[in-house]
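Undergrad: Quick one: sequence plus predicted model below, questions after.
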Amino acid sequence: MAAGACDAREDVATAARAFSRLRYVHSFGHVSLRLENSLVITPTRPPLAAVRSGDLIEVDSDGKVVSGDLSARPIEVFLHIGVYRARADVGAICRTHAPHASIWPANGQAPAIQHGFGGIVGAVATYDSCDLIHSPETGARAAASLGAANGLMLRGNGALTVGRTVAEAAVRMWSLEERCAQAWRQGNHPAPFTQEDLAARARWYPAEAERTWTWMKYLGSSDFDGDAS
């Protein structure tokens, strides 16, 4: 296996462990990576807090396990398959139950950006179904709801972010949680960014995203020993 592919698989496991330490995932949640003709995804066991790159399951475009533990294939692998089929630009997907991003918005729309980091995720869509995404059909419907957005809030079922790389998808998940948490804190006194505000701040997003991924890699490393907040 090429060094780059090995590094990308390591990023999948690292992001999963970081999300666990951030308390975005517990028993449920997944990270996946598109390969040339398949994908690799975190299994249902071991828990994401302990997952390593060697634990990842490889799955083909029909959901069949190519390598790894067949019994540990996630039910919602079809969510990932659906998005990869619909979006050629997506190379990685993060799926979590981050606490604030899991709160369904009252108006059915993602909350406004009220803090700088919340804009890194970009456009966010919503999927109005509480059922698990358990089939090619439900995966296609969720992907259609995502459209060209970078994030998808799943009613009663957490959230998803996409990116060209695991790093980009993971940082977008962190940004989505930041955006939703700030909206929760602002409550009945919102102070949304104007388009002018967002344009002024967005020029710093590439550097801030890189810095966030460096921190997330530390959270997901064996060297981490402390509070993730």
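TA: Perfect, thanks for sending it.

Undergrad: ok, now which ones touch the spatially most central residue of the chain?
TA: Nearest to the geometric centre of the chain sits residue 94, at 2.3 Å (CA atoms, centre = their mean). With contacts defined as CB atoms under 8 Å, 6 or more residues apart in numbering, the neighbours of residue 94 are 15, 19, 30-31, 160-163, 166, 169-170, 172-173. To be clear about C-beta, it is placed using only N, CA and C from the backbone, and glycine gets the same treatment.

Undergrad: As CSV, those with neighbour count would be great.
TA: Shown next, in CSV, are those (neighbours: other CB atoms under 10 Å):
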residue, neighbour count
15, 32
19, 31
30, 26
31, 30
160, 33
161, 30
162, 27
163, 22
166, 27
169, 28
170, 30
172, 24
173, 33
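
Undergrad: quick one: which of those residues sit in helices?
TA: 15, 19, 166, 169-170, 172-173 (DSSP state H).

Undergrad: Spatially, which two of those residues are the most separated?
TA: Pairwise distances among those were taken by CB to CB; the largest, 12.3 Å, belongs to 19 and 172.

Undergrad: where exactly do the helices run in this structure?
TA: Using DSSP H, helices in the chain cover 3-21, 77-86, 136-146, 166-186, 195-202, 205-219.

Undergrad: got the angle for the last one vs helix 195-202?
TA: With axes from the mean of the first three to the mean of the last three CA atoms, to 10 degrees as the criterion, the two stretches helix 205-219 and helix 195-202 enclose an angle of 60 degrees.

Undergrad: Give me the buried positions along helix 205-219.
TA: Judged by neighbour count (16 or more other CB atoms under 10 Å), helix 205-219 contains these buried residues: 205, 208-209, 212-213, 216-217, 219.
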